[in-house]
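Participant: structure, please.
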Amino acid sequence: MKTIFISLLVLLTVSAKSQSVPSKFNYQAVARDIQGDLLVNSTINATISILSGSSSGSTVFEEEHFLTTNDYGLFYFRIGEGSVLSGQLNNINWEAQDHFLKVQINGEELSNEQLVSVPYSLSSNNTLSIDGNRVSASTPADGQYLIYNGTTSQWEAQSASANGDNWGSQVVFTDATLSGNGTSSSPLSGFDGNYNNLSNLPVVPTLTSQLTNDNGFLTSEVDGDNTNELITGGILNGTDLEISDAGGTTVVDLSSLVSGDDWGTEFVHTDASMSGDGTTSNPLMVIGDLTDDQTLSYNSATQIISISGGNSISLNINDADNDPVNEIQDLQITADILTITNNGSPTSIDLSGYRELPPSGITGDVLKWNGTNWAPAFDNVDDADNNVLNEIQNLSISGNSIIIDGGGSGFNLSATAPANNQVLGWNNTSGQWEAMNAPPNNIYNSDGTLAADRIITQAGSRISFLPTTTDGFNVANNTFSVDGVNQRVGIGISTPAYKFEVSGDIAQTSQADRFVRAGDNSDLLAAAYGHVQSDGTNSGAGTSNYTVTRLSLGTFQINYTGPRTFVNNTDIVFSAVPDATGNSNIFILNYEVTGTNQIQVNTYRLITAVVLAGSTFATADSAFSFELRIK
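Facilitator: Model prediction:
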């Protein structure tokens with residue numbers, strides 16, 4: 001039975017002054033079935049999961065309870081008292097991030113909601129924190145330091161000897177091959193020589209507008225000489241920094257910065273690529289040769305591989321006969337014995353136990369499977385003359401007879417000359433082959449009925465009919481008729497009078513189907529047509545794929561709704577005629593495509609009719625009928 005649950009989560013808080021904080025909190029719910037009826041005195045299984053970070057985050061604690069509802073369908077339990085499936089409730093870091101409570105009943109997920117407050121002050125034992133990050137409850141040892149552990153997301157006590165990062169005012173002496181700051185988290189290591197691979201690169205201004213006095217730069221000329229600010233060079237000579245510009249060379253003594261080698265009990269953290277102790281007398285250096293473009297060579301006489309500027313390795317290959325070629329040999333097989341070449345006394349391998357075919361047989365035997373192996377055996381064919389060759393013979397003709405060699409009387413051919421299109425057939429009465437007419441049942445000389453569907457595959461060839469009559473090819477007389485003499489096709493008529501003639505109605509399945517006029521590629525059938533009344537309303541007579549809007553006096557807008565598209569006057573053929581009831585309704589009409597599938601129509605009514613050349617027209621609302629064809 002499908003079960004639904006209405007749950008009520010009860011979080012209890014208890015004053016820390018009156019009692020200790022238990023690692024559990026209550027959960028209570030009412031169980032109903034799919035019809036909404038209470039499930040009373042029923043056994044259920046509840047699985048509780050606490051997820052970290054989001055409703056789909058990792059599970060930090062999970063347990064299950066097996067319960068029985070009471071007379072009112074109510075059940076309750078304490079989270080923390082069930083059978084633990086994973087994690088520990090009292091080890092959850094509630095402050096580190098949000099947590100979600102997922103409840104499953106009988107395997108179906110009931111809810112997955114965020115815990116908006118820490119249950120039952122479970123975090124009271126971790127109230128000590130720094131900037132929201134809790135401090136480990138472990139008791140520190142004397143002389144340890146408080147260090148943040150990113151893995152456990154808390155501050156922990158660690159010994160100073162494990163780090164050695166308290167340099168104070170001391171400095172680490174390195175050469176240009178190093179990177180890192182000498183700490184356990186960032187040990188000194190060899191610099192790869194690429195400036196762009198360094199971290200925390202300074203931002204160098206590229207425009208003078210980026211330089212301000214706030215940064216200690218000059219933004220205007222002070223001494224009237226705009227050349228002496230250009231630094232042309234700089235070198236480090238011992239402990240002197242020499243900077244050259246247009247005004248000369250300035251020397252900066254850096255000797256005061258080169259000191260501080262008394263490390264005391266501290267030490268420099270390095271990896272296996274380093275040597276030295278970081279002092280002026282013994283600076284840190286990269287172990288090994290950093291030379292680029294080294295050459296690897298091999299001496300065949302000494303069998304030694306060497307690298308320029310580096311070490312050598314002896315291959316120490318022992319070739320007793322000093323011939324490097326004879327170690328490459330061929331395999332050969334004689335009968336069932338496999339041996340290796342270039343060996344006076346080679347090891348022989350007998351393969352007779354692995355062959356599938358028998359070693360021999362007698363003339364006329366064939367291979368037969370005996371259930372285990374292929375073996376030679378008699379073929380069980382009764383050959384009376386014990387000659388396997390004379391069953392293969394030749395045909396020959398002698399006079400009017402066809403003869404088979406190796407014996408036999410042969411068959412006679414009739415001496416009567418055949419007529420055109422006759423075929424050779426056997427006459428059982430005369431006992432000879434004679435010329436006779438082709439079988440009568442074919443489509444060329446008689447009617448017939450198909451016994452089944454037939455398919456002709458053209459394979460690049462064509463089927464051509466060369467009719468000599470006006471109805472040279474047809475289907476059911478006048479259903480489809482081809483006049484090959486006059487090059488006409490008719491549907492519903494056997495004697496078409498035009499290149500294409502249809503007798504009967506032609507249905508246009510949809511307005512997207514087209515009948516195209518060859519002259520201007522426009523539709524033979526109108527894409528839309530109808531009647532517009534003088535007030536701009538559509539009379540309803542015509543197609544349903546357009547709407548009409550009266551824009552102003554005498555101006556109407558026709559919006560074509562498809563299925564095709566036009567965007568300018570050259571895409572369409574538009575014609576309109578007035579609905580005239582007298583001379584007063586005679587009008588001049590023009591149109592223009594003003595947007596995609598949009599036509600604006602202007603109408604004018606005749607107000608003075610002196611002569612046609614001098615007639616006067618005024619803008620007026622006039623009813624008209626139109627027809628739209630799309631190219």
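
Participant: CA only for contacts and neighbour counts going forward, please
Facilitator: Fine.

Participant: so the residue nearest to residue 568 when sequence neighbours are not counted is in which element?
Facilitator: Once flanking residues are discounted, residue 568 sits nearest to residue 593: 5.2 Å by Cα to Cα, 6 or more residues apart in numbering. In the assignment (DSSP states H and E), residue 593 maps to strand 587-595.

Participant: which other helices and strands contact that strand?
Facilitator: For strand 587-595, the elements it packs on are strand 598-608, judged by 3 or more Cα pairs under 8 Å, 6 or more residues apart in numbering; DSSP states H and E.

Participant: could you point out which element follows the strand it packs on?
Facilitator: Strand 598-608 is succeeded, C-terminally, by strand 616-619 (DSSP H and E).

Participant: send the alpha carbons of the helix or strand just after that following strand over as CSV?
Facilitator: Note on strand 616-619: by DSSP H and E, the next helix or strand toward the C-terminus is strand 624-630. Extracted in CSV, the C-alpha atoms of strand 624-630 (Å, rounded to 0.1, in the frame of the first residue of the first chain):
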residue,chain,number,x,y,z
PHE,A,624,-12.3,45.9,-52.2
SER,A,625,-11.5,42.3,-52.9
PHE,A,626,-7.8,41.2,-53.2
GLU,A,627,-5.7,38.2,-54.3
LEU,A,628,-2.2,37.6,-53.1
ARG,A,629,0.3,35.3,-54.9
ILE,A,630,3.8,34.8,-53.6
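
Participant: identify the neighbouring strands of strand 624-630 in the sheet and state each direction.
Facilitator: Paired neighbours of strand 624-630 in the sheet (DSSP bridges): strand 528-532 (antiparallel), strand 572-578 (antiparallel).

Participant: how about residue 245, nearest residue that isn't a chain neighbour?
Facilitator: The nearest residue in space to residue 245 (Cα to Cα, 6+ apart) is residue 231, at 4.2 Å.

Participant: burial measure for the one you found, as a count.
Facilitator: Residues near residue 231, counting by other Cα atoms under 10 Å, number 14.

Participant: the strands paired with strand 624-630: which one's closest to residue 295?
Facilitator: With Cα to Cα as the measure, strand 572-578 is the member of the strands paired with strand 624-630 nearest residue 295 (78.8 Å).

Participant: return the angle between stretch directions for the closest one and strand 598-608.
Facilitator: 30 degrees (axes from the mean of the first three to the mean of the last three Cα atoms, to 10 degrees).

Participant: helix, strand or coil for residue 196?
Facilitator: helix (DSSP: H, G, I helix; E, B strand; the rest coil).

Participant: now it: how far from residue 236?
Facilitator: Distance, residue 196 to residue 236, using Cα to Cα, to the nearest Å: 22 Å.

Participant: neighbour count winner among these two?
Facilitator: Using other Cα under 10 Å, the more surrounded residue of residue 196 and residue 236 is residue 236, with 12 against 8.

Participant: what bridges to that one?
Facilitator: Bridge pairing for residue 236 - DSSP bridges - gives residue 241.

Participant: can I assume it is in contact with residue 244?
Facilitator: No - look at residue 236 against residue 244 with Cα atoms under 8 Å: they stay out of range, at 11.7 Å.

Participant: mutual contacts of these two, please.
Facilitator: When Cα atoms under 8 Å, 6 or more residues apart in numbering defines a contact, no residue borders residue 236 and residue 244 alike.

Participant: now for residue 235, how many residues are close by?
Facilitator: Neighbours of residue 235 (other Cα under 10 Å): 11.

Participant: next, count neighbours for the closest residue to it other than its chain neighbours.
Facilitator: Nearest residue to residue 235, sequence neighbours excluded (Cα to Cα, 6+ apart): residue 242, at 5.4 Å. As a burial measure, residue 242 scores 15 neighbours (other Cα under 10 Å).

Participant: before we move on, what about residue 570?
Facilitator: Around residue 570 there are 10 residues (other Cα under 10 Å).

Participant: give me phi/psi at it?
Facilitator: The phi/psi pair for residue 570 (degrees, to the nearest 10) reads phi -70, psi -10.

Participant: what does residue 571 give?
Facilitator: phi -90, psi -10.

Participant: show me the contacts for it.
Facilitator: By Cα under 8 Å, 6+ apart, the neighbours of residue 571 are 630, 631.

Participant: from residue 591, how far off is it?
Facilitator: With distances taken as Cα to Cα, residue 571 is found 13 Å from residue 591.

Participant: what do you get for residue 149?
Facilitator: Taken as Cα to Cα, the span from residue 149 to residue 591 is 80 Å.

Participant: the more surrounded of these two?
Facilitator: The neighbour comparison of residue 149 against residue 591 (other Cα under 10 Å) goes to residue 591, with 17 against 13.

Participant: pretty sure that one is touching residue 604, no?
Facilitator: No - contact between residue 591 and residue 604 fails when scored by Cα under 8 Å: they sit 11.9 Å apart.

Participant: low-confidence ranges in the stretch 351-500 of the chain?
Facilitator: Along the stretch 351-500 of the chain, segments meeting pLDDT under 70 span 353-359, 364, 380-392, 400-401, 405-410, 439-445.

Participant: which parts of it are helices?
Facilitator: Shown for the stretch 351-500 of the chain, no helices are assigned by DSSP state H, counting those that start in this stretch.

Participant: on that earlier part again, now do the contacts for the residue nearest to residue 235.
Facilitator: So residue 242 contacts 234, 235, 236, 249, 250, 251, 252 (Cα under 8 Å, 6+ apart).

Participant: now the residues you listed as a markdown table including pLDDT?
Facilitator: Below are the contacts of residue 242 laid out as a markdown table (pLDDT from 0 to 100):
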| residue | pLDDT |
| --- | --- |
| 234 | 78 |
| 235 | 82 |
| 236 | 79 |
| 249 | 84 |
| 250 | 84 |
| 251 | 86 |
| 252 | 84 |
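
Participant: which ones among the residues you listed lie within strands?
Facilitator: Of the contacts of residue 242, the ones assigned to strands by DSSP state E are 234, 235, 236, 249, 250, 251, 252.

Participant: nearest to residue 180 among these?
Facilitator: Of all the ones in strands among the contacts of residue 242, residue 180 sits closest to residue 236, with 22.3 Å by Cα to Cα.

Participant: could you check how far that closest one is from residue 50?
Facilitator: Distance from residue 236 to residue 50, by Cα to Cα: 62 Å.

Participant: read off the pLDDT value for residue 188.
Facilitator: pLDDT for residue 188: 71.

Participant: and for it, the neighbour number?
Facilitator: By other Cα under 10 Å, the residues close to residue 188 number 25.

Participant: what is it paired to in the beta sheet?
Facilitator: With DSSP bridges as the rule, residue 188 is bridged to residue 270.

Participant: you'd agree it is up against residue 178?
Facilitator: Yes - judged on Cα under 8 Å, residue 188 makes contact with residue 178 at a distance of 6.3 Å.

Participant: name the helix or strand of the protein that has the lowest mean pLDDT.
Facilitator: The least trusted helix or strand in the chain, going by mean pLDDT, DSSP states H and E, turns out to be strand 3-8, with a mean of 49.

Participant: same for the next helix or strand after that strand, what does it pack against?
Facilitator: Sequence order places strand 25-33 as the next helix or strand after strand 3-8, per DSSP H and E. Contact partners of strand 25-33 among helices and strands, from 3+ Cα pairs under 8 Å, 6+ apart: strand 3-8, strand 74-79.

Participant: that concludes my questions; thank you for your assistance.
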